[in-house]
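Undergrad: Please work out how this folds:
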Amino acid sequence: MVWVLLAGAITAEVSATLALRWAEGFSRLGPSLLVVGGYAVSFFLLSKVLARGLPLGVAYGIWSGVGVTLVAVLGAALFGDRLSWAQVGGIVLVAAGVFVLETGGSH
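TA: Coordinates of the predicted model:
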C-alpha cells in the first residue's frame with residue numbers, strides 16, 4: 001500500500017507542476033486550482049507514506065527523482081521544452097541515485 005500512496009503523491013505533484021504552465025502566473029482559475037490542490041494532495045499522500053514507515057530519505061528521493069524525471073519528459077512532450085543529451089544524462093544520474101537510495105537502505 002505504501003507504494004500505491006507514493007505513486008499517487010508523485011502523480012499529484014507532477015500534475016500540479018505541469019499545471020503551473022497552464023496557470024499562466026495564476027491568472028487562470030482552473031489550472032491554478034489544480035496547482036494548489038495537486039500539491040496539497042501530494043504532500044498529504046507523502047505524509048501518509050512516511051507515517052507507514054518508509055524512511056524519509058528514500059521516500060523523498062523517489063518522490064522528487066521520479067517527479068523531476070516525469071516533468072522533464074512530459075515538458076518536452078507537451079510543451080516542446082528542450083531536452084538536451086546533458087539533461088538526459090542528468091535524468092539517468094537521478095534515477096541511479098534513487099536506485100542506490102532504495103537498495104542501499106535497510107528498511
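Undergrad: Centre-most residue in this structure?
TA: In the chain, the residue lying closest to the centroid (CA atoms, centre = their mean) is residue 67, at 2.2 Å.
Undergrad: Verify the stated contact: it with residue 13.
TA: Yes. Using CB atoms under 8 Å, residue 67 is in contact with residue 13, at 5.0 Å. The way it works is simple: take the backbone N, C-alpha and C, and place the C-beta from them, glycine included.
Undergrad: My guess is residue 38 contacts residue 10. True?
TA: No. Taking contacts as CB under 8 Å, residue 38 lies outside contact range of residue 10: 11.0 Å.
Undergrad: Name all residues that make contact with the residue nearest to the centre of the chain.
TA: With contact taken as CB atoms under 8 Å, 6 or more residues apart in numbering, residue 67 is in contact with 10, 13, 14, 17.
Undergrad: And the helix or strand harbouring residue 50, what does it pack against?
TA: When elements are assigned from DSSP states H and E, residue 50 belongs to helix 29-51. Other helices and strands packing on helix 29-51, by 3 or more CB pairs under 8 Å, 6 or more residues apart in numbering; DSSP states H and E, are helix 2-23, helix 56-79.
Undergrad: any low-confidence regions in this protein?
TA: Judged against pLDDT under 70, the low-scoring parts of the chain cover residues 105-107.
Undergrad: With residue 3 as the reference, measure out to residue 53.
TA: When distances are taken as CB to CB, to the nearest Å, residue 53 and residue 3 turn out to be 12 Å apart.
Undergrad: again, but for residue 36
TA: Counting by CB to CB, the gap between residue 36 and residue 3 amounts to 26 Å.
Undergrad: Tell me which of the two has more neighbours.
TA: Relative neighbour count places residue 36 above the other of residue 36 and residue 3, with 13 against 10, counting by other CB atoms under 10 Å.
Undergrad: give me every residue that touches that one.
TA: So, once contact is read as CB under 8 Å, 6+ apart, residue 36 ends up touching residue 16.
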